[in-house]
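**Q** Generate a structure from the sequence data that follows.
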Amino acid sequence: MIRFGLKVALALALLLLSGTLHSQASEVQYHLPLDGPNETAPVFLGIQRTRASALNGGLGFIRIQVRNRDKIPHSVSFDLDLASYGPTGFRAHRTIQLAASEKGRIYLPMPASRNGMHLRMRLDGGQRFQVRVEGNHSPGLACLSFSRDAAAAQGLARTLDAAFTRTTPTKGLQMLATGQVLAQTEIPPRWQLLSGFDLIRVALAGGEIRPESQAVLTAYLSMGGRVVLVGNPGSPDSILGRLIAEGEGTSKFRKGRSGFGQWAWVADQKELYRLPKSFKTWLADSGFWLARAKRHSGSAPDDFYRKLHIPGLGEVPVRLFFFLILVFAVLVGPVNLIYWRRKKKPQMLLLSVPVAGIAFTALILTYGFIAEGFDIKGSIRSMTLLDQRDHRAVNLTQRTLFAGLGPDKLDLGPGTHLETDDRTRQWRAPQTHILDMDLDHGNRLSGTILPSRTETNLVTWTHSKTRERLAFQRTEGGNYRVIETGGLVRNTGQGDIVFRDLDGKYWVSNQSGADLVQDDSKAKDARMSLLLGLSKQPYRQIKRSFGYRHSYYYSASRNEEAQLSDAMRQQRKPGVQLKRFVNGRFWNGMPPGSYLVRVGSDPAVDGMGIEIRYGSRYQLVLGLLAKEDIR
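**A** This next block holds a predicted model:
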């Protein structure tokens, strides 16, 4: 199985790393207004799309170059939505203000779409013009390469295409990889716009990448992305320079982890031809070949896309309903008949029976609405990697919500990306969920993503700075005591905490407020119990399969199970993807100076600007300690 994984990972990743230009879209140019002569048009537009992967559920982007050729200011508004016959609900809005003779560049999010999108533009709030953006989904893995040397990438692609053809097995892999090349200066300003790519390749070019772009790349990496860096990193004090220096390896190849993601550095592009053994191992360990095994198109493990059970929602009080039905039957039947006979008006039964039935039905419906409430309730589970050394938190959260009355808007934090499979729909089915992004107001979503009285599953990734932390202090008895600071509070009644000190010893406590004692065996059991608890939450019982991705985006979906190898089919078992997701950090042991704890409140979870009443929660924090946190 390991040999199979190496072959498939190598075949896929070689094609990706090469920066293949098989489907590279060139820039399309327009002038506003579209119905006027180009020579006198005041605004020039250059539009280029990227091809996001249909396998990971994230976003790609459209890069728009805007130039005001006029001597007066202008504003241009852009509205992007999927074609009307597309399977997903998506809209995005952005406005740019241009001074006289000013140039600008904006990036619009674009999900994977086979049918393309409509881009509607208004100049100074006037007439609306519409152009069509071709479909951008990659049916396989997608790579984005930031490099100035596209010709070299094309030459390398021809060599690696041959290797891809020779090494790809006929069973278990029925998809192609797609690569694109943009200049280093075109790295988008938000990491969310890179979430639709399975791998990012960056030519460092002697440290020419701006610091803000380096921060975007590291944020994408920490959210589970894969990054390959090529060339001289420049200053060792830069963000990427420090990242490479902290890795492990040689002067030609280094690798490491950041957050939930993995990165590799190659000193020279020519090293990709030689592909040292350590680099091949990294390709397999980074999980390229497992993307095909996932049922879901999201970037999180499959379990996070199954709806959680919301306590109290839809639960019928059987005894109460039986009593009401019995009372109704007695009143409408014998009592009603005796009453109208005494009144000598038996014909009134024709009116009283249906009226009583309607009234009883209205009473039951009213009870249902009132019982479900008008607030937002739900269940939550989350996992946060809290790096207390640089005050950075990376959070993955799943929420299954039910809104009695849907909110007007959701205000996400600047570092949050939201995914939901509920916005996908079957052909010609009504659209119930729409991801509507208002980029003029930060990271704001319309309330259409959380409609009233509809169970909705939301998965969010959040990258943020935080000051909350746990510290560990020696007691007089030689044990450790936990010191809580900020809003990070251990869960009452579920006080398991596992701590590994700088000497590699494990300490454990299963009661809130109790000291931690040194016990390697109990610590291992507690660690596995905490991690496996994430995948053992009660799910909502549904009849249909929770996987939808391949039914639309993957052409061979009907024979999907038959095409999967035994190794890939193994990856679909509950908990297996979660194990790989946290592997190397906490599953097979914990690094010295770290802890694992279940908390009752996690400040790293984005509240989305709405109040939610949670009926159940399971929130886990994986912490990396600074030296001053161990006293």
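
**Q** mind listing the helices in the chain by residue range?
**A** For the chain, the helices defined by DSSP state H occupy 2-17, 150-167, 211-222, 239-245, 271-274, 277-285, 318-330, 336-342, 349-372, 520-532, 549-553, 560-563, 566-570, 576-582.

**Q** Could you tell me the least trusted of the ones you listed?
**A** Mean pLDDT values for the helices of the chain show the minimum at helix 549-553, a mean of 36.

**Q** in stretch 383-399, what's buried?
**A** 383-388, 392-399 (16 or more other C-beta atoms under 10 Å). Every C-beta, even on glycine, is put in place using the N, C-alpha and C of the backbone.

**Q** what two of these are the furthest from one another?
**A** Distance extremes for the buried residues of stretch 383-399: the farthest pair is Gln388 and Arg399 at 25.4 Å, using C-beta to C-beta.

**Q** what's the nearest residue to Ile483 if we skip its chain neighbours?
**A** Leaving aside its sequence neighbours, Ile483 sits nearest to Ala471 (C-beta to C-beta, 6 or more residues apart in numbering; 4.2 Å).

**Q** circling back to that earlier point, as CSV, the buried residues of stretch 383-399 with distance to Arg467 and pLDDT would be great.
**A** Formatted as CSV, the buried residues of stretch 383-399 follow (distance: C-beta to C-beta, whole Å; pLDDT from 0 to 100):
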residue, distance to Arg467, pLDDT
Met383, 20, 92
Thr384, 14, 93
Leu385, 16, 92
Leu386, 11, 93
Asp387, 12, 92
Gln388, 9, 92
Arg392, 11, 92
Ala393, 10, 94
Val394, 16, 93
Asn395, 15, 94
Leu396, 21, 93
Thr397, 20, 95
Gln398, 25, 94
Arg399, 24, 96
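
**Q** can you put those in TSV and add distance to Pro189?
**A** Shown next, in TSV, are the buried residues of stretch 383-399 (distance: C-beta to C-beta, whole Å):
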residue	distance to Pro189
Met383	27
Thr384	25
Leu385	24
Leu386	25
Asp387	23
Gln388	27
Arg392	19
Ala393	21
Val394	19
Asn395	21
Leu396	23
Thr397	24
Gln398	27
Arg399	27
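
**Q** now, which of those residues sits nearest Leu363?
**A** Nearest to Leu363 out of the buried residues of stretch 383-399 is Arg399 (C-beta to C-beta; 32.5 Å).

**Q** and that closest one, what is it in contact with?
**A** Applying C-beta atoms under 8 Å, 6 or more residues apart in numbering to Arg399 gives the contacts 308, 378-380, 457-460, 612.

**Q** in the sheet, who's paired with it?
**A** As for beta bridges, Arg399 partners with Ile380, Leu458 under DSSP bridges.

**Q** That one and Ser379: what is the separation?
**A** Separation of Arg399 from Ser379 (C-beta to C-beta, to the nearest Å): 7 Å.

**Q** and what of His74?
**A** In terms of C-beta to C-beta, His74 sits 48 Å off from Ser379.

**Q** and the two? which has more neighbours close in?
**A** Between His74 and Ser379, counting by other C-beta atoms under 10 Å, Ser379 is the more crowded of the two (26 against 19).

**Q** Sort out which residues of stretch 114-125 are buried, please.
**A** Buried-residue list, stretch 114-125, by 16+ other C-beta under 10 Å: 116-119, 121-123.

**Q** I should have written stretch 185-195 there, sorry.
**A** Buried residues in stretch 185-195 (16+ other C-beta under 10 Å): 186-188, 190-195.

**Q** same check, this time on stretch 200-213
**A** Under the neighbour-count rule (16+ other C-beta under 10 Å), stretch 200-213 has 200-205, 207, 209, 213 buried.

**Q** distance between it and the chain's centre?
**A** 24 Å (C-alpha atoms, centre = their mean, to the nearest Å).

**Q** same question, stretch 329-346
**A** 62 Å.

**Q** Show residues contacting it.
**A** So stretch 329-346 is contacted by 348-349, 352-353, 356-357 (C-beta under 8 Å, 6+ apart).

**Q** do the same with stretch 31-50
**A** Taking C-beta under 8 Å, 6+ apart as the rule, stretch 31-50 contacts 25-30, 60-70, 74, 76, 98, 110, 119, 121, 123, 127, 129, 131, 133-134, 136, 144, 180, 182, 196-197.

**Q** run the last query once more with 7 Å
**A** Outside of stretch 31-50, the residues within contact range by C-beta atoms under 7 Å, 6 or more residues apart in numbering are 25, 27-30, 60-70, 74, 76, 110, 121, 123, 127, 129, 133, 136, 144, 180.

**Q** of the residues you listed, buried ones?
**A** 25, 30, 60-69, 74, 76, 110, 121, 123, 133, 136, 144, 180.

**Q** Which ones among these lie within strands?
**A** 30, 60-68, 74, 76, 110, 121, 123, 133, 144, 180 (DSSP state E).

**Q** Count the residues that sit near Arg94.
**A** 18.

**Q** can you pull the contacts of it?
**A** With contact set as C-beta under 7 Å, 6+ apart, Arg94 has these partners: 78, 106, 108, 439-440.

**Q** and it, what are its bridge partners?
**A** Where Arg94 sits in a bridge, its partners, by DSSP bridges, are Phe78.

**Q** What score does it have for pLDDT?
**A** pLDDT at Arg94 comes out at 96.

**Q** Ile239: what's it in contact with?
**A** Contacts here follow C-beta under 7 Å, 6+ apart; on that basis Ile239 touches 211, 214-215, 218.

**Q** can you do 6 Å?
**A** Taking C-beta atoms under 6 Å, 6 or more residues apart in numbering, we find Ile239 in contact with 214, 218.

**Q** Tell me how far it lies from Leu229.
**A** From Ile239 to Leu229 the distance is 11 Å (C-beta to C-beta).

**Q** what does Trp191 give?
**A** Taking C-beta to C-beta, one finds Trp191 at 16 Å from Leu229.

**Q** Would you mind checking which of the buried residues of stretch 200-213 is nearest to Tyr367?
**A** Ile200 (53.4 Å).

**Q** Just the local confidence number for the residue of the chain most remote from its centre, please.
**A** Here the centre of the chain is the reference, and by C-alpha atoms, centre = their mean the most remote residue is Lys344, at 70.1 Å. Listed pLDDT for Lys344 reads 86.

**Q** ok, it to Gly333 distance?
**A** Separation of Lys344 from Gly333 (C-beta to C-beta): 19 Å.

**Q** can you check Val517 too?
**A** Taken as C-beta to C-beta, the span from Val517 to Gly333 is 69 Å.

**Q** Can you pick out the residue with more neighbours from the two?
**A** More neighbours surround Val517 than the other of Val517 and Gly333, with 16 against 11 (other C-beta under 10 Å).

**Q** and the more buried one, what does it touch?
**A** Asn479.

**Q** And the one 3 residues further on, by the same measure?
**A** When the contact criterion is C-beta under 6 Å, 6+ apart, the partners of Asp520 are Tyr506.
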